[in-house]
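> would you be able to build a 3D model of this:
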Amino acid sequence: MKLSCLQENLARGLAVVGRAVASRTTLPITNNVLLATDQARLKLVATNLEIAITCWIGAKVEQDGAMTVPARLVTEFVNSLPNDRMDLQVVPPGRNVQITCARFSARIAGVDAEEFPPIPSVGEGATAQVDPQALHTAISRVVFAAATDETRPVLTGVHADFNGETLTLAAADGFRLAIQRVSLIEPAPAHTEVIIPARALSELNRLLGEQEEPVLVTVSPNRSHVQFHLKNVELVSQLIQGTFPNYSQLVPKTYASRVVLDVAEFLRATRTAAVFARDGSGIVRLQITPGEDLTPGKITIEARSEEIGDNTGEIDGVVEGEPAKIAFNGRYLQDALGALSGGKVALETTSPSSPGVLRPIGSDDYTHVVMPMFVQW
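The predicted structure is shown next:
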């Protein structure tokens, strides 16, 4: 293998695939990154056996070949170099990669590319195209609601339902549920439901920031892997096997009280209360009070701790229905409100022991359900 490329392009490519390098593994080769020539470009590949990221960068290839090198070492070295042309080549005794840039050079001991784990192929599976920014928003609004506890593996993933012209993403951890619908660029050829690991979607979300072309999503015929194809980047992830809960049954169909609030004000008040809630089991209490005559309705947000004190905040809102009291975990409220980009949000409640529902005003694509906490009022 012998080629040349720009330092900034190689550094960017290593940063992209580096997110998939295994941190703790019993297979040392997964600590390496694969460098390979591919159709007059340099291909970089990293995998932790659960997800794999491939990135292509422009290069002048003089001799085809492939080799793996320690990911952390080569990344730190390349990042320390000046922005200049880089020359890479495999030198005797055959497993060393020599990297030269300006007046710097290094020889890094590698491992044969044949020992690198094969990257799963999705083949001719079901495909769909999604607008990158719409997908970015959808992932941001649901991925945090997935469980981190491995006791129920299906809840550590995000349920993806490709149906007609709509992709529905849903995540739940037993205490909250986030549902986001996204329009597909073209109708899905077949109704497909899979569970994608939340970590894989988080890594995909990091790659979507500068993406402009539609994202091509392909599910393998045996429903074992999913591939996301972006410009010059591919991410392949294992799918979680199992049955996701029927989450539509968890969304309340009616409400006794509904208050419409400014998202920024609601989030600020919740964060303020959370300062005191940290020593009070994270409990934030909400009291909804309808307005009288010409006065607006309001919501009172408070938290208390026996050791450090208490806090009360009020914000105006448009209240519909009865007065209500309900308590939530403050972090769950902050996560849900933080996922919304301003505007207004409606909080719907039925009773202190029933779930609360958050819905952004002006859009029916997002629903967030939060289980209440039981407190003494």
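
> just give me the longest helix of the chain.
Determined from DSSP state H, the single longest helix within the chain is helix 263-277.

> pLDDT of that helix, averaged?
The pLDDT scores in helix 263-277 average 93.

> what is it packed up against?
Under the contact criterion of 3 or more Cβ pairs under 8 Å, 6 or more residues apart in numbering; DSSP states H and E, helix 263-277 touches strand 283-289, strand 297-305, strand 309-321, helix 330-338, strand 344-349. From N, CA and C alone the C-beta is placed, and that goes for glycine too.

> what sits up against it?
Contacts with helix 263-277, where a contact means Cβ atoms under 8 Å, 6 or more residues apart in numbering, come from 282-284, 299, 301-305, 308-311, 313-315, 330-331, 333-334, 337-338, 340, 342-345, 347, 360.

> that helix vs strand 309-321, what angle?
140 degrees (axes from the mean of the first three to the mean of the last three Cα atoms, to 10 degrees).

> that older thread, which among the contacts of helix 263-277 end up buried?
Buried members of the contacts of helix 263-277, scored by 16 or more other Cβ atoms under 10 Å, are 282-284, 299, 301-305, 311, 313, 315, 330-331, 333-334, 337, 340, 344-345, 347, 360.

> format the helices and strands packed on helix 263-277 as CSV; extra columns: mean pLDDT and distance to Arg152.
Shown next, in CSV, are the helices and strands packed on helix 263-277 (pLDDT from 0 to 100; distance: least, Cβ to Cβ, whole Å):
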stretch, mean pLDDT, distance to Arg152
strand 283-289, 95, 25
strand 297-305, 92, 30
strand 309-321, 92, 35
helix 330-338, 95, 18
strand 344-349, 97, 27
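
> which one of these lies closest to Glu150?
Comparing these against Glu150 with Cβ to Cβ, the closest turns out to be helix 330-338 (20.2 Å).

> what packs against that closest one?
strand 176-183, helix 263-277, strand 283-289, strand 366-370.

> need those in TSV (columns: distance to Arg12).
Shown next, in TSV, are the helices and strands packed on helix 330-338 (distance: least, Cβ to Cβ, whole Å):
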stretch	distance to Arg12
strand 176-183	28
helix 263-277	34
strand 283-289	42
strand 366-370	33
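
> for the ones you listed, which one sits closest to Ile240?
Here strand 176-183 is closest among these (Cβ to Cβ), at 17.0 Å.

> touching that closest one from outside, list them.
130-131, 134-135, 137-138, 141-142, 144-145, 165-172, 247, 250-251, 332, 335-336, 339, 365-371.

> any idea how far Leu216 is from Pro372?
According to Cβ to Cβ, to the nearest Å, Leu216 stands 41 Å off from Pro372.

> those two: which has the busier surroundings?
Counted by other Cβ atoms under 10 Å, Leu216 and Pro372 do not tie: Pro372 has more neighbours, with 21 against 15.

> please, which helix or strand holds that one?
Using DSSP states H and E, Pro372 sits in no helix or strand.

> can you offset everything so residue one is 46?
Yes, from this point I'll number from 46; that puts the last item at Pro417.

> leaving out sequence neighbours, find the closest residue to it.
Distance criterion Cβ to Cβ, 6 or more residues apart in numbering; nearest residue to Pro417, sequence neighbours excluded, is Ile371 at 5.3 Å.

> so that neighbour bridges to which residues?
Beta-bridge partners for Ile371, by DSSP bridges, are Leu331.

> so what's the residue count around it?
Ile371 - counted by other Cβ under 10 Å - has 23 other residues nearby.

> distance of it from Asp206?
Distance of Ile371 to Asp206, computed by Cβ to Cβ: 30 Å.

> any weak-confidence spans in this protein?
Along the chain, the model assigns pLDDT under 70 to residues 325.

> ok, now which residue in it is the farthest from the centroid?
Asp338 (45.5 Å; Cα atoms, centre = their mean).

> next, the angle from the longest helix of the chain to strand 389-394.
Going by the same axes, to 10 degrees, helix 308-322 makes 50 degrees with strand 389-394.

> quick one, helix 308-322 and strand 328-334 angle?
Using the same axes, to 10 degrees: helix 308-322 against strand 328-334 is 130 degrees.

> please identify the buried residues of helix 308-322?
Result for helix 308-322 [16+ other Cβ under 10 Å]: buried residues 308, 310-312, 314-319, 321-322.

> and it, how far out from the chain's middle?
24 Å (Cα atoms, centre = their mean, to the nearest Å).

> the inter-axis angle of that helix versus helix 375-383?
Using the same axes, to 10 degrees: helix 308-322 against helix 375-383 is 160 degrees.

> just the buried ones from the contacts of strand 221-228?
Looks like these have 175-176, 179-180, 182-183, 186-187, 189-190, 212-217, 292, 377, 380-381, 384, 410-416 buried, using 16+ other Cβ under 10 Å.

> does the residue nearest the centre of the chain count as helix, strand or coil?
Nearest to the mean C-alpha position of the chain, by Cα atoms, centre = their mean, lies Ser247 at 2.5 Å. With DSSP: H, G, I helix; E, B strand; the rest coil as the basis, Ser247 sits in helix.

> quick one, what contacts it?
Ser247 neighbours (Cβ under 8 Å, 6+ apart): 184, 188.

> quick one: it from Ala191, how far?
For Ser247 relative to Ala191 (Cβ to Cβ), the value is 9 Å.

> let me see the domain layout of this structure.
Domain ranges of the chain: 47-160, 171-293, 296-415, per automatic domain parsing.
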